[in-house]
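K.L.:
Sharing a model prediction with you, sequence too.
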Amino acid sequence: MRRWSNTNRINGTHHQHPPSNGGNGNGKGKPKPVAGSMDHENRENYEFGKYGYGKNHVKLLHVFREGPLHTIREFEVDTHLKLTTQKDYLDGNNQDIIATDTQKNTVYVLAKKHGIKTPEEFGLLICSHFLYMYRHVEEVEVNLEEYPWERLQADGQEHNHAFLFSPNAIRFATVSQKRNESPLIIGGLKGLRVLKTTQSAFTDFYQDGYRTLPDDNDRIFSTVVTATWEFSTANGVDFDDVWITIKNCIFDKFAGPPDKGIFSPSVQNTLYLAEKMALDKIPQISRIQMQMPNKHYLNVDMSKFPPSILENNENKEVYHPIDKPSGIIYAELLRKNLMSKL
Ligand SMILES: O=c1[nH]c(=O)c2[nH]c(=O)[nH]c2[nH]1
């Protein structure tokens, strides 16, 4: 998710050449080649589209130690900055560049100084740090992906300092902030793979000469859910609780109660019901988007096997998992601005 799509007029129409020392003002090192005159000709005819730079995949484990009880969070963090000037691109002048190595160091220093409570709050901290420290930073975007560690259970008891990698779903967040604007906070979940063996049908869909798929009143339903949601506020939000609540909304509308389940007439309907439940339950999110690829499991046709091979060739046991193609169903559900209708 990148928001920097607006174009940016190239500053200055004068044909300037970088100083022969390369523009960093220290006069050291070999003289850099002067850009050819063609490099600056006609540059007012062009403007930048999306641009920015940063460090990707800064790996970080944070250990919070309260006596014998330790709590961990492990992340990969991307930091991206957009500067107010473009002289780095245009002129080869590096004076304004906060090196990607410096950005990496910043992630570690902020984690050491302030700790990490949630990915969203750590992202907010990184954004405000860069905007506060450097006047020439126009926009910051931070992507965080969390490693799914869970506290180990030993003899039914939670372990003080041992953890189990449990990749049921991957949590991620994107926090971005433009100078003088409030931050945009997106929470997310991906890789949540689920399957149910009944309580799913797909019938009565559009009939024409191109349709060959028969109605199916009882099929396998499997998907790998991706969800992203936008917060309308950060005030008083328990970001961990929101993530767990949204995961549980997906479980509720996909699986239903353990004994009877919940009927799904289509992936579309299940997806919508999960999104609606999330908006109903969490007032601090303004919109939610989900993707549910339909991971097909096709019934293997056993009808051609003679009774000498198969006494009962009606098959509800053996299915063929199909990797590709897969259906893809997605939708974003937003709160309507009811006030504007009054
Ligand atoms: O739940 C479904 N939605 C569809 O749009 C679709 N299309 C299809 O072939 N199978 C399914 N299943």
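P.N.:
The structure has been received and is ready for your questions.
K.L.:
Phi first, then psi, for the most far-flung residue of the chain relative to its centre.
P.N.:
Relative to the centre of the chain, and counting by C-alpha atoms, centre = their mean, the farthest-placed residue is residue 308 at 53.6 Å. Main-chain dihedrals, residue 308, degrees, to the nearest 10: phi -60, psi -30.
K.L.:
could you measure it against the ligand, distance?
P.N.:
35 Å (C-beta to the nearest ligand atom, to the nearest Å). (Each C-beta comes from the backbone N, C-alpha and C, glycine too.)
K.L.:
contacting residues for that residue?
P.N.:
If you count contacts by C-beta atoms under 8 Å, 6 or more residues apart in numbering, residue 308 has none.
K.L.:
From here on, call the first residue 287.
P.N.:
From this message on, residue numbering opens at 287, which makes the last subject residue 594.
K.L.:
Would you map the helices across the stretch 287-436 of the chain?
P.N.:
Secondary structure of the stretch 287-436 of the chain, counting by DSSP state H, counting those that start in this stretch: helices at 323-326, 373-377, 386-400, 405-419.
K.L.:
Looking at the ones you listed, spot the one closest to the ligand.
P.N.:
Across the helices of the stretch 287-436 of the chain, the ligand has its closest neighbour in helix 405-419 (31.8 Å, C-beta to the nearest ligand atom).
K.L.:
other SSEs contacting the closest one?
P.N.:
Applying 3 or more C-beta pairs under 8 Å, 6 or more residues apart in numbering; DSSP states H and E, we find helix 405-419 packed against strand 355-369, helix 386-400, strand 423-432, strand 456-464, strand 470-482, helix 525-540.
K.L.:
would you turn the ones you listed into JSON lines with mean neighbour count, distance to the ligand and mean pLDDT?
P.N.:
Formatted as JSON lines, those follow (neighbours: other C-beta atoms under 10 Å; distance: least, C-beta to the nearest ligand atom, whole Å; pLDDT from 0 to 100):
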{"stretch": "strand 355-369", "mean neighbour count": "19", "distance to the ligand": "33", "mean pLDDT": "98"}
{"stretch": "helix 386-400", "mean neighbour count": "15", "distance to the ligand": "42", "mean pLDDT": "98"}
{"stretch": "strand 423-432", "mean neighbour count": "22", "distance to the ligand": "29", "mean pLDDT": "98"}
{"stretch": "strand 456-464", "mean neighbour count": "22", "distance to the ligand": "24", "mean pLDDT": "98"}
{"stretch": "strand 470-482", "mean neighbour count": "19", "distance to the ligand": "13", "mean pLDDT": "98"}
{"stretch": "helix 525-540", "mean neighbour count": "19", "distance to the ligand": "12", "mean pLDDT": "98"}
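K.L.:
TSV for these, including distance to residue 580?
P.N.:
TSV is the format used below for the helices and strands packed on helix 405-419 (distance: least, C-beta to C-beta, whole Å):
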stretch	distance to residue 580
strand 355-369	29
helix 386-400	38
strand 423-432	25
strand 456-464	20
strand 470-482	12
helix 525-540	13
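K.L.:
Could you list the domains of this structure?
P.N.:
With domains defined by the TED database, the chain comprises 336-453, 468-627.
K.L.:
Compare the helices and strands packed on helix 405-419 and give me the one nearest residue 337.
P.N.:
Among those, strand 355-369 comes nearest to residue 337, with 6.8 Å by C-beta to C-beta.
K.L.:
For the residue nearest to residue 420 when sequence neighbours are not counted, which residues are in contact?
P.N.:
Distances taken as C-beta to C-beta, 6 or more residues apart in numbering put residue 384 closest to residue 420, at 6.0 Å, once the chain neighbours are dropped. Applying C-beta under 8 Å, 6+ apart to residue 384 gives the contacts 367, 416, 420, 423.
K.L.:
wait, what's in contact with the first one?
P.N.:
Right, residue 367. 338, 339, 340, 384, 389, 416, 423, 425, 426.
K.L.:
For residue 444, give me the pLDDT.
P.N.:
For residue 444, the model assigns a pLDDT of 97.
K.L.:
what's near enough to touch it?
P.N.:
By C-beta under 8 Å, 6+ apart, the neighbours of residue 444 are 437, 438.
K.L.:
buried ones in the helix or strand hosting it?
P.N.:
For residue 444, the element it lies in under DSSP states H and E is strand 443-451. Neighbour counts over strand 443-451 (16 or more other C-beta atoms under 10 Å) mark residue 449 as buried.
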